[in-house]
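*Asks:* need a structure here:
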Amino acid sequence: MKRSDIGNLAAVLSAGTVLAVLATICSNVPVPADAADSAETIPADADHLFAYLQAGKYKAFAAQESDRHPSAGPHTKVGNDVRVFMNAALAQSLESAAEQHPAGAGVVKEMFNQEGKVRGWAVAIKTQADSQDGEGWYWYEVKSTTDNSRPVAAANGVKLCTGCHVLGQDFVLSAFPLN
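*Replies:* Below is the predicted model:
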């Protein structure tokens, strides 16, 4: 493959990570400054994801609930609120009523404490085209905003997560459109 072919391929691709890899392979390929750090691309590994969440990058998603509300699920203690944010890939997929969401689709749920402060996050990221009974989703939950050393979940196919989320639209339980 010639350098010009790589440049043409990079111009077509939109995934920031792929562009960053291409830039490493070929230093003459221009990469948008924000491509690797795009808020729409939710990292699917615990350390990078925790930093992404701490930075609040998901708050740039167009699809987000207007305010927090009591959780309908097990992610918080009774009486504690949550707020949901969906990236464009997931929002578009839900809007089109797709049977399977695309790889890269993701949702972030802020979990609040009794004082109304964010105390952690629950995240689901589709990592493969096929959901494979939840194995195609990266599940993450942490009950701290300062310490990532003991997440409740941080892997693909976590049974604790898939057991409930199997009831959703391709493992997504949040009602759409978001309120």
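
*Asks:* can you classify the closest residue to residue 113 other than its chain neighbours as helix, strand or coil?
*Replies:* Of all residues not flanking residue 113 in the chain, residue 119 sits nearest, at 4.2 Å (CB to CB, 6 or more residues apart in numbering). All C-beta atoms are positioned from the backbone trio N, CA, C, and that covers glycine. Three-state assignment for residue 119 (DSSP: H, G, I helix; E, B strand; the rest coil): strand.

*Asks:* and if you look at residue 162?
*Replies:* helix.

*Asks:* still on that earlier bit, tell me, how many residues neighbour the residue nearest to residue 113?
*Replies:* Residues near residue 119, counting by other CB atoms under 10 Å, number 18.

*Asks:* cool, and the one 10 residues further on?
*Replies:* Taking other CB under 10 Å as the neighbour definition, residue 129 ends up with a count of 12.

*Asks:* again with residue 95
*Replies:* 11.

*Asks:* ok, now residue 69?
*Replies:* Using other CB under 10 Å, residue 69 has 13 other residues around it.

*Asks:* how close does residue 138 get to residue 165?
*Replies:* Distance from residue 138 to residue 165, counting by CB to CB, to the nearest Å: 12 Å.

*Asks:* more crowded one of these two?
*Replies:* Shown here are residue 138 and residue 165; by other CB under 10 Å, residue 138 has more neighbours (25 against 20).

*Asks:* could you tell me whether that one really is in a strand?
*Replies:* Yes - assessed with three-state DSSP, residue 138 lies in a strand.

*Asks:* which strand residues bridge it?
*Replies:* residue 125, residue 156 (DSSP bridges).

*Asks:* got the domain boundaries for this structure?
*Replies:* 1-38, 46-165 (automatic domain parsing).

*Asks:* okay, now the unreliable bits of the chain?
*Replies:* Counting by pLDDT under 70, the chain has low-confidence residues at 1-37, 78-79.

*Asks:* spatially central residue in it, please.
*Replies:* residue 106 (3.4 Å; CA atoms, centre = their mean).

*Asks:* just to revisit the earlier point, buried deepest among the domains of the chain, which one?
*Replies:* domain 46-165 (a mean of 17; mean count of other CB atoms under 10 Å).

*Asks:* report the separation between the two terminal residues of it.
*Replies:* One end of domain 46-165 sits 20 Å from the other (CA to CA, to the nearest Å).

*Asks:* in which helix or strand would I find residue 50?
*Replies:* Taking DSSP states H and E as the definition, residue 50 sits inside helix 46-54.
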